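K.L.:
The following block contains a protein sequence and its predicted model.
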Amino acid sequence: MANSIGTAYVSQIACIEGKNSIELSNCDLSAAAGGNRQDNGDYVDLGGVFIYQSMSGDADVGTSTFTAKDSVLSILSDSDCYESAPMFHVTNTKAIINLEKTELNFGSGTLLDVSGQSQWGTVGSNGGELTFNAKDETLDGNIIVDSISSLNMTLSSTSYVGTINPSDDFGQTDVVIKSGSDWTLDGDSHISSLENNGEINYNGHTLYVNGVAYTESNPYN
(Lines give C-alpha, C1' and ligand atoms only; values in the text may rest on other atoms or scores of the structure.)
Protein backbone atom coordinates (compact mmCIF):
# COMPACT_ATOMS: atom_id res chain seq x y z
CA MET A 1 0.00 0.00 0.00
CA ALA A 2 1.33 3.43 -0.91
CA ASN A 3 0.37 7.07 -0.41
CA SER A 4 -2.49 6.26 1.95
CA ILE A 5 -4.00 7.85 5.06
CA GLY A 6 -6.26 5.90 7.40
CA THR A 7 -7.45 5.28 10.95
CA ALA A 8 -8.70 2.10 12.62
CA TYR A 9 -10.80 3.18 15.58
CA VAL A 10 -10.89 -0.22 17.35
CA SER A 11 -8.25 -2.60 15.96
CA GLN A 12 -4.53 -2.52 15.26
CA ILE A 13 -2.93 -0.49 12.47
CA ALA A 14 -2.06 -3.80 10.82
CA CYS A 15 -2.40 -7.48 11.62
CA ILE A 16 -0.51 -10.28 9.87
CA GLU A 17 -1.14 -13.97 10.36
CA GLY A 18 1.37 -16.57 9.28
CA LYS A 19 3.01 -16.57 5.88
CA ASN A 20 1.70 -13.23 4.70
CA SER A 21 3.12 -9.74 4.29
CA ILE A 22 2.28 -6.05 4.37
CA GLU A 23 4.37 -3.34 2.70
CA LEU A 24 3.73 0.35 3.30
CA SER A 25 5.26 3.32 1.50
CA ASN A 26 4.51 6.97 2.23
CA CYS A 27 1.52 6.12 4.43
CA ASP A 28 0.10 7.84 7.51
CA LEU A 29 -1.84 5.24 9.51
CA SER A 30 -3.21 5.31 13.04
CA ALA A 31 -5.25 2.99 15.23
CA ALA A 32 -6.65 2.41 18.70
CA ALA A 33 -4.53 -0.80 18.85
CA GLY A 34 -7.29 -2.80 20.53
CA GLY A 35 -7.65 -6.57 20.44
CA ASN A 36 -10.40 -9.17 20.40
CA ARG A 37 -8.87 -12.07 22.35
CA GLN A 38 -8.78 -12.13 26.15
CA ASP A 39 -7.17 -14.24 28.83
CA ASN A 40 -8.56 -13.74 32.35
CA GLY A 41 -10.06 -10.45 31.25
CA ASP A 42 -6.87 -9.03 29.72
CA TYR A 43 -6.43 -8.62 25.98
CA VAL A 44 -3.43 -10.55 24.66
CA ASP A 45 -3.42 -9.17 21.12
CA LEU A 46 -2.89 -5.46 21.71
CA GLY A 47 -0.45 -3.69 19.43
CA GLY A 48 0.09 -1.04 16.86
CA VAL A 49 1.08 -3.91 14.58
CA PHE A 50 0.16 -7.45 15.69
CA ILE A 51 1.86 -10.45 14.05
CA TYR A 52 0.87 -13.99 14.97
CA GLN A 53 -0.12 -17.50 13.86
CA SER A 54 -3.47 -18.80 15.10
CA MET A 55 -2.93 -22.39 13.84
CA SER A 56 -6.57 -22.39 12.73
CA GLY A 57 -5.66 -23.32 9.16
CA ASP A 58 -6.72 -20.11 7.47
CA ALA A 59 -3.11 -18.89 7.02
CA ASP A 60 -0.07 -20.93 6.02
CA VAL A 61 2.60 -21.40 8.66
CA GLY A 62 5.69 -19.42 7.72
CA THR A 63 7.43 -16.08 8.09
CA SER A 64 5.35 -12.94 8.38
CA THR A 65 6.88 -9.78 6.89
CA PHE A 66 6.01 -6.19 7.71
CA THR A 67 7.76 -3.35 5.87
CA ALA A 68 7.23 0.38 6.30
CA LYS A 69 9.17 3.12 4.50
CA ASP A 70 8.71 6.89 4.59
CA SER A 71 5.59 6.45 6.72
CA VAL A 72 4.00 7.46 10.03
CA LEU A 73 2.46 4.82 12.30
CA SER A 74 0.59 5.97 15.40
CA ILE A 75 -1.45 4.57 18.27
CA LEU A 76 -4.19 7.08 19.00
CA SER A 77 -3.47 9.06 22.16
CA ASP A 78 -7.15 8.95 23.20
CA SER A 79 -7.32 5.16 22.89
CA ASP A 80 -7.96 3.06 26.00
CA CYS A 81 -4.92 1.02 24.90
CA TYR A 82 -2.57 3.97 24.42
CA GLU A 83 -0.60 3.31 27.59
CA SER A 84 -0.59 -0.49 27.34
CA ALA A 85 -0.27 -1.53 23.69
CA PRO A 86 3.24 -2.20 22.37
CA MET A 87 4.07 -0.67 19.01
CA PHE A 88 4.90 -4.12 17.61
CA HIS A 89 3.71 -7.42 19.12
CA VAL A 90 4.89 -10.78 17.76
CA THR A 91 3.73 -14.17 19.05
CA ASN A 92 3.67 -17.81 17.87
CA THR A 93 5.29 -17.11 14.50
CA LYS A 94 8.49 -16.18 12.72
CA ALA A 95 8.47 -12.58 11.55
CA ILE A 96 10.55 -9.92 9.84
CA ILE A 97 9.97 -6.22 10.47
CA ASN A 98 11.73 -3.71 8.22
CA LEU A 99 11.55 0.00 9.03
CA GLU A 100 13.08 2.83 7.04
CA LYS A 101 12.53 6.54 7.63
CA THR A 102 9.28 5.77 9.46
CA GLU A 103 7.98 7.69 12.45
CA LEU A 104 6.42 5.73 15.33
CA ASN A 105 4.05 7.29 17.87
CA PHE A 106 2.87 5.27 20.88
CA GLY A 107 2.41 5.73 24.62
CA SER A 108 3.15 2.38 26.27
CA GLY A 109 6.92 2.75 26.28
CA THR A 110 7.20 -0.71 24.68
CA LEU A 111 8.61 -0.73 21.17
CA LEU A 112 8.74 -4.51 20.71
CA ASP A 113 6.97 -7.29 22.59
CA VAL A 114 8.14 -10.69 21.37
CA SER A 115 6.49 -13.27 23.58
CA GLY A 116 4.26 -16.31 23.92
CA GLN A 117 0.56 -15.81 24.64
CA SER A 118 -1.89 -18.35 25.98
CA GLN A 119 -4.36 -18.16 23.09
CA TRP A 120 -2.27 -19.53 20.20
CA GLY A 121 0.00 -22.52 19.85
CA THR A 122 1.28 -24.71 22.66
CA VAL A 123 2.04 -22.82 25.85
CA GLY A 124 5.75 -23.04 26.54
CA SER A 125 6.78 -23.26 22.88
CA ASN A 126 4.67 -20.56 21.26
CA GLY A 127 6.99 -17.58 21.44
CA GLY A 128 7.87 -15.25 18.59
CA GLU A 129 10.99 -15.31 16.42
CA LEU A 130 11.63 -11.79 15.13
CA THR A 131 14.20 -10.28 12.81
CA PHE A 132 14.02 -6.50 13.23
CA ASN A 133 15.83 -4.24 10.76
CA ALA A 134 15.88 -0.47 11.29
CA LYS A 135 17.42 1.90 8.75
CA ASP A 136 17.54 5.69 9.05
CA GLU A 137 15.33 5.52 12.13
CA THR A 138 14.96 7.33 15.44
CA LEU A 139 13.57 4.77 17.87
CA ASP A 140 12.50 5.11 21.49
CA GLY A 141 10.99 2.39 23.67
CA ASN A 142 11.74 -0.78 25.57
CA ILE A 143 12.12 -4.22 24.03
CA ILE A 144 10.92 -7.41 25.69
CA VAL A 145 11.90 -10.89 24.49
CA ASP A 146 10.51 -13.59 26.75
CA SER A 147 12.36 -16.81 27.52
CA ILE A 148 10.70 -18.81 24.69
CA SER A 149 11.18 -16.13 22.03
CA SER A 150 14.08 -14.67 20.05
CA LEU A 151 15.13 -11.39 18.47
CA ASN A 152 17.79 -10.51 15.92
CA MET A 153 17.96 -6.72 15.71
CA THR A 154 20.10 -4.68 13.31
CA LEU A 155 20.45 -0.90 13.56
CA SER A 156 21.66 0.89 10.41
CA SER A 157 22.08 4.69 10.49
CA THR A 158 19.70 4.55 13.45
CA SER A 159 19.53 6.05 16.94
CA TYR A 160 17.79 3.93 19.56
CA VAL A 161 16.95 4.89 23.14
CA GLY A 162 15.58 2.14 25.37
CA THR A 163 16.02 -0.90 27.56
CA ILE A 164 16.32 -4.38 26.09
CA ASN A 165 15.23 -7.14 28.50
CA PRO A 166 15.37 -5.43 31.91
CA SER A 167 15.15 -8.90 33.49
CA ASP A 168 17.82 -11.56 33.12
CA ASP A 169 15.08 -14.06 32.21
CA PHE A 170 14.96 -13.61 28.44
CA GLY A 171 15.19 -15.41 25.13
CA GLN A 172 17.97 -15.33 22.55
CA THR A 173 18.56 -11.67 21.76
CA ASP A 174 21.23 -10.74 19.20
CA VAL A 175 21.99 -7.07 18.49
CA VAL A 176 24.01 -5.59 15.62
CA ILE A 177 24.88 -1.89 15.78
CA LYS A 178 26.34 -0.77 12.48
CA SER A 179 28.70 2.16 11.99
CA GLY A 180 26.77 5.41 12.22
CA SER A 181 24.21 3.99 14.66
CA ASP A 182 23.91 4.36 18.42
CA TRP A 183 22.06 2.87 21.37
CA THR A 184 21.39 4.88 24.55
CA LEU A 185 20.41 2.66 27.47
CA ASP A 186 17.34 3.68 29.46
CA GLY A 187 17.89 0.94 32.05
CA ASP A 188 20.02 -2.14 32.71
CA SER A 189 19.74 -4.42 29.68
CA HIS A 190 20.39 -8.10 28.93
CA ILE A 191 21.21 -9.54 25.51
CA SER A 192 22.80 -12.73 24.21
CA SER A 193 25.29 -11.34 21.70
CA LEU A 194 26.47 -7.98 20.40
CA GLU A 195 28.23 -6.82 17.26
CA ASN A 196 29.02 -3.18 17.92
CA ASN A 197 30.52 -0.97 15.23
CA GLY A 198 28.62 2.11 16.36
CA GLU A 199 28.24 3.81 19.73
CA ILE A 200 26.69 2.74 23.04
CA ASN A 201 25.74 5.38 25.58
CA TYR A 202 25.35 3.65 28.94
CA ASN A 203 23.57 6.60 30.57
CA GLY A 204 24.49 5.26 34.03
CA HIS A 205 23.18 1.76 33.30
CA THR A 206 24.79 -1.64 32.71
CA LEU A 207 24.62 -3.72 29.57
CA TYR A 208 24.98 -7.46 30.15
CA VAL A 209 26.00 -9.55 27.14
CA ASN A 210 25.72 -13.28 27.70
CA GLY A 211 25.60 -12.57 31.43
CA VAL A 212 28.75 -10.42 31.56
CA ALA A 213 28.85 -6.65 32.03
CA TYR A 214 30.01 -5.12 28.75
CA THR A 215 32.16 -2.10 28.02
CA GLU A 216 34.25 -1.24 24.97
CA SER A 217 37.40 -1.66 27.09
CA ASN A 218 36.21 -4.99 28.47
CA PRO A 219 33.96 -6.56 25.83
CA TYR A 220 32.31 -9.85 26.69
CA ASN A 221 34.12 -11.62 23.88
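P.N.:
That came in fine, so what should we check first? These numbers were taken from a predicted model, which means no experiment stands behind them.
K.L.:
lowest average confidence, helix or strand, in the protein?
P.N.:
The helix or strand of the chain with the poorest confidence is strand 38-39; it has a mean of 65 (mean pLDDT, DSSP states H and E).
K.L.:
how many other residues sit next to residue 122?
P.N.:
Neighbourhood size, residue 122 [other CB atoms under 10 Å]: 9. Bear in mind the C-beta positions are built from the backbone N, C-alpha and C, glycine included.
K.L.:
Check residue 69 too.
P.N.:
Residue 69: 17 neighbours (other CB under 10 Å).
K.L.:
Likewise for residue 151?
P.N.:
Residues near residue 151, counting by other CB under 10 Å: 25.
K.L.:
my read: it touches residue 127, true?
P.N.:
No - counting by CB atoms under 8 Å, residue 151 does not reach residue 127; the two are 10.2 Å apart.
K.L.:
Residues that sit against both of these two, list them.
P.N.:
114, 171 (CB atoms under 8 Å, 6 or more residues apart in numbering).
K.L.:
which residues touch residue 177?
P.N.:
So residue 177 contacts 155, 183, 194-200 (CB under 8 Å, 6+ apart).
K.L.:
go again using 10 Å as the cut-off
P.N.:
Neighbour list for residue 177: 153-156, 158, 160, 183, 194-200 [criterion: CB atoms under 10 Å, 6 or more residues apart in numbering].
K.L.:
In JSON lines, list those residues along with secondary structure, distance to residue 135 and neighbour count.
P.N.:
Formatted as JSON lines, these follow (DSSP: H, G, I helix; E, B strand; the rest coil; distance: CB to CB, whole Å; neighbours: other CB atoms under 10 Å):
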{"residue": "153", "secondary structure": "strand", "distance to residue 135": "12", "neighbour count": "24"}
{"residue": "154", "secondary structure": "strand", "distance to residue 135": "9", "neighbour count": "18"}
{"residue": "155", "secondary structure": "strand", "distance to residue 135": "8", "neighbour count": "23"}
{"residue": "156", "secondary structure": "strand", "distance to residue 135": "4", "neighbour count": "17"}
{"residue": "158", "secondary structure": "coil", "distance to residue 135": "7", "neighbour count": "23"}
{"residue": "160", "secondary structure": "strand", "distance to residue 135": "12", "neighbour count": "24"}
{"residue": "183", "secondary structure": "strand", "distance to residue 135": "15", "neighbour count": "26"}
{"residue": "194", "secondary structure": "strand", "distance to residue 135": "19", "neighbour count": "19"}
{"residue": "195", "secondary structure": "strand", "distance to residue 135": "16", "neighbour count": "12"}
{"residue": "196", "secondary structure": "strand", "distance to residue 135": "17", "neighbour count": "20"}
{"residue": "197", "secondary structure": "coil", "distance to residue 135": "15", "neighbour count": "10"}
{"residue": "198", "secondary structure": "coil", "distance to residue 135": "13", "neighbour count": "19"}
{"residue": "199", "secondary structure": "strand", "distance to residue 135": "17", "neighbour count": "14"}
{"residue": "200", "secondary structure": "strand", "distance to residue 135": "19", "neighbour count": "19"}
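K.L.:
and which of these is nearest to residue 72?
P.N.:
residue 158 (16.8 Å; CB to CB).
K.L.:
pretty sure that closest one is in contact with residue 99, am I right?
P.N.:
Yes - with contact defined as CB atoms under 10 Å, residue 158 reaches residue 99; the gap is 8.6 Å.
K.L.:
hey, what's in contact with both of the two?
P.N.:
133-137, 139.
K.L.:
Thanks a lot, see you next time.
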